[in-house]
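Trainee: prediction below, plus the sequence it came from.
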Amino acid sequence: MANYIYGKVKRKQSIFRVIETEAEVYDTAQLNLNGVEYNPATLIENEELYQLSDFSQSGYSFDFIDNDLDSVNHDQIAKADLKKLSFICTVQEDLYFFQIINSSFYVSKKWFSIDELALETNKPIITINPFADAIYDKLRDILYFKKLTAAQKIFKGMDQLYREATDAETATFLANEFLDVNDNFITGNVTIPNRKRIALVNETLNRFSDDEKQAIYNYTNQYGQVTYADGKFKIETDDDLKFVLWGIEQRFYTTHIGGEKRVANSIISI
C-alpha cells in the first residue's frame with residue numbers, strides 16, 4: 001500500500017503532495033499509542049505521550065485531517081517550496097505523523113552514500129525524525145504528542161490548553177476576597193508559572209460551591225505555608241501565591257505511612 005508525505009509551505013494555505021512511497025517511513029508495528037489525557041498539571045515520562053481525545057471536535061483540527069484524504073486533490077509541491085516547509089505529514093493508512101521542519105532538518109553538506117560510494121555536493125536533503133512531533137489516529141480521533149510547544153506549531157490555538165492569565169485576569173484573581181494581598185505585591189510581580197496556574201484555577205473555582213471553596217481554603221491552611229487569618233491568605237510574595245494556587249489545585253497530600261506532608265509535582269486523574 002502506498003504511503004504519502006505531504007507538506008505545509010509557509011505563508012500558503014494549501015498542503016502539498018511531496019512523496020509517494022511503498023516504504024514505511026514509520027514502523028507502525030512497534031508503535032505503542034497509549035497516551036495520558038492532556039492536563040497541564042500532569043508531567044509525563046520520556047517514553048509516555050499526551051493525548052487529546054475527540055480531536056476533530058476540539059477546535060484545533062483542520063481540513064487536511066478532517067476530510068477524507070485523496071492524494072489527487074493535493075498539488076505536487078514545487079521544488080523551490082521544499083525550502084519553505086513549516087511541517088510535513090506522513091500518512092500511513094489511518095495514522096498521520098506530523099513533523100515540524102526548521103533549518104536543523106536541512107542538510108546541505110557534502111556527503112556520500114555507503115551504497116554507491118559517490119560524493120554528493122549539490123543534493124541537499126531533509127531529515128525525518130524517528131518519532132513524530134504529533135500523531136493523529138483518524139480511526140480513534142485522538143491526537144498524540146509529547147510537547148505542547150511543538151504540537152501547537154502545527155495545530156494553531158493549542159497553546160490555549162496551557163495559557164497564561166492576562167494582566168486583567170491576574171488582577172481580578174488577586175482581588176478575590178479570600179486573599180489579603182500586600183500593597184507592594186502587584187500584578188507585575190506574578191511570574192509566568194503562577195499566571196498559568198491562575199488561568200487553570202479560575203476555572204476550578206468557578207465550578208465550586210461556596211461550601212466547597214471554604215473546604216479548599218481550610219485544606220490549604222492545614223499545610224501551613226501561608227498565613228491565614230479572618231478567612232484570608234496573606235500574599236506578600238510570589239511564593240505565597242504559588243502555595244495558595246497549589247492548594248486550590250489540591251496538590252498537597254500526607255503520606256499514609258509516616259505522615260509526611262508533600263506537594264505533588266504532577267497529577268494524573270484516575
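Mentor: That came through fine. Residues are numbered from 1 along each chain as shown.
Trainee: quick one, helices of the chain?
Mentor: Taking DSSP state H as the criterion, the chain contains helices spanning 63-66, 148-154, 167-174, 192-207, 210-222, 238-248.
Trainee: for the ones you listed, which one sits closest to Tyr6?
Mentor: For the helices of the chain, distance to Tyr6 was read as Cβ to Cβ. The smallest value, 7.4 Å, belongs to helix 63-66. Where C-beta positions appear, they are placed from N, C-alpha and C, glycine not excepted.
Trainee: now the closest one: average pLDDT?
Mentor: Mean pLDDT, computed over helix 63-66, is 93.
Trainee: identify the residue spatially nearest to the residue nearest the centre of the chain, adjacent ones excluded.
Mentor: Taking Cα atoms, centre = their mean, the centroid of the chain lies closest to Leu148, which sits 1.8 Å from it. Spatial nearest neighbour of Leu148, excluding adjacent residues (Cβ to Cβ, 6 or more residues apart in numbering): Tyr162 at 5.9 Å.
Trainee: show me how the protein divides into domains.
Mentor: Using automatic domain parsing, the domains assigned to the chain come out as 3-159, 167-263.
Trainee: returning to what we had before: residue contacts, the residue nearest to the centre of the chain?
Mentor: Each residue near Leu148 by Cβ atoms under 8 Å, 6 or more residues apart in numbering is listed here: Tyr38, Tyr50, Met158, Asp159, Leu161, Tyr162.
Trainee: from what I can see the third one touches Thr149, true?
Mentor: No. With contact taken as Cβ atoms under 8 Å, Met158 and Thr149 are classed as non-touching, separated by 9.4 Å.
Trainee: compare those two (neighbour count), which wins?
Mentor: Met158 (22 against 12; other Cβ atoms under 10 Å).
Trainee: spit out the contact partners of that one.
Mentor: Listed by Cβ under 8 Å, 6+ apart, the contact set of Met158 reads Tyr60, Leu148, Ala151, Gln152.
Trainee: any weak-confidence spans in the stretch 101-250 of the chain?
Mentor: Counting by pLDDT under 70, the stretch 101-250 of the chain contains no low-confidence residues.
Trainee: contact partners for the residue nearest to Leu148?
Mentor: Shown here is Tyr162, whose contacts under the criterion Cβ under 8 Å, 6+ apart are Pro40, Leu148, Lys196.
Trainee: change it to 10 Å
Mentor: When contacts are counted by Cβ atoms under 10 Å, 6 or more residues apart in numbering, Tyr162 is found next to Tyr38, Asn39, Pro40, Ala41, Leu148, Thr149, Gln152, Lys196, Ala199, Leu200.
Trainee: apart from its neighbours in sequence, what residue is nearest the last one?
Mentor: Spelled out, that is Leu200. Spatially, and ignoring its direct neighbours in sequence, Leu200 is nearest to Pro40 (6.2 Å; Cβ to Cβ, 6+ apart).
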